[in-house]
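Predicted model and sequence follow; I will ask about them next.
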Amino acid sequence: MAEKVKPYKDSELGKKEQVAKMFDTISKEYDGLNRVISFGIDIKWRKKVVKIVGKSNPDKILDIATGTGDLAINLTKTNASKIIGLDISEGMLNVGRKKIEKLQLNNQIEMVFGDSENIPFETNYFDAITVAFGVRNFENLEKGLSEIYRVLKPTGTFVVLETSVPTKTPYKQGYKFYSTKILPFIGKLFSKDKSAYKYLSDSAASFPHGKAFNNILEKIGFINIENKPQTFGVASIYIAKK
């Protein structure tokens with residue numbers, strides 16, 4: 001079993017509560033910093049996720065760890081009748097709600113406060129489920145994935161976009177330098193929470209990416225699992241079916 005990612009700083013709170021508090025703190029600056037930190041490449045990755053999800057013509061989509069709703073908004077291009085954005089950070093959800101209202105997408109997207117380890121929807125409910133840069137924040141990875149499996153319809157599509165660590169030189173060395181030195185430095189300059197971007201770096205490095213994550217998905221019961229590395233391996237798109 002993969003080692004649990006430690007909370008981003010010592011506290012009496014559990015990881016789940018710490019992560020929620022952290023994202024509440026950085027919610028207003030998150031979108032802008034995300035573009036800077038990823039050089040805008042995350043936009044391209046999300047478009048690929050939308051294209052993959054759209055192939056199955058889903059009617060109901062759940063976007064877990066939706067944050068400020070970037071992927072949920074992009075998923076409207078699939079023509080799904082209902083998209084639920086689920087997150088444990090009210091701060092992030094509130095930023096997302098304002099974006100959705102501005103785009104007049106309230107009838108199509110609903111932002112819901114909720115926990116990935118106790119998803120507030122019935123079994124076999126969603127045609128597709130997505131998670132972008134969120135599975136590494138699950139307090140109990142297997143429990144969260146089991147809940148996703150539960151609420152996904154048979155033959156439904158599950159797509160994860162997550163950071164990963166390049167394995168080839170010189171990308172491996174470049175990624176390590178950027179993630180351990182540059183990313184936390186940018187976070188310290190622009191973020192209210194000085195620990196937040198160090199946590200994001202540390203959690204990405206310790207996440208069981210690639211084949212290790214494929215094995216966990218298979219253990220949960222997912223089938224037809226694919227892993228598509230993106231941009232020299234700094235991120236990966238995982239695709240699975242129920």
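Done, it's in. Residues are numbered from 1 along each chain as shown.

so where's the protein shaky on pLDDT?
1-13, 186-201 (pLDDT under 70).

So which elements touch the longest helix belonging to it?
If you go by DSSP state H, the chain has its longest helix at helix 15-37. Contacts defined by 3 or more CB pairs under 8 Å, 6 or more residues apart in numbering; DSSP states H and E place helix 15-37 against helix 41-54, helix 90-102, helix 183-190, helix 196-206. The C-beta positions use only the backbone N, C-alpha and C, and glycine is treated the same way.

which residues are in contact with the second one?
So the one you mean is helix 90-102. 23-25, 27-28, 30-31, 66-69, 72-73, 85, 87, 106, 109, 111-113 (CB atoms under 8 Å, 6 or more residues apart in numbering).

can you do 10 Å?
20-31, 63, 65-70, 72-73, 76, 83, 85-87, 89, 105-114 (CB atoms under 10 Å, 6 or more residues apart in numbering).

Of the residues you listed, select the buried ones using a PyMOL command.
One line in PyMOL is enough to select the buried members of the contacts of helix 90-102, burial here meaning 16 or more other CB atoms under 10 Å:
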select buried, resi 20+21+22+23+24+25+26+27+29+30+31+63+65+66+67+68+69+70+72+73+76+83+85+86+87+89+105+108+109+111+114
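
residues near V135, how many?
When neighbours are defined as other CB atoms under 10 Å, V135 has 23 of them.

Could you measure from it over to L71?
Separation of V135 from L71 (CB to CB, to the nearest Å) stands at 13 Å.

Touching both of the two, which residues are there?
64-65, 161.

In CSV: these, plus distance to V95 and secondary structure.
Listed next are those as CSV, based on distance: CB to CB, whole Å; DSSP: H, G, I helix; E, B strand; the rest coil:
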residue, distance to V95, secondary structure
I64, 17, strand
A65, 14, coil
L161, 19, strand
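
tell me which of those residues is nearest to E147?
Of all the shared contacts of V135 and L71, E147 sits closest to I64, with 9.0 Å by CB to CB.

in the sheet, who's paired with the closest one?
With DSSP bridges applied, I64 shows beta-bridge pairing to L86, V131.

Burial check on it, number of neighbours?
27.

Could I get the contacting residues of it?
Contacts of I64 by CB under 10 Å, 6+ apart are 71, 84-88, 114-116, 119, 129-132, 134-135, 138, 144, 147-148, 151, 158, 160.

same deal with T157?
52-56, 58, 61, 126-130, 224, 239-242.
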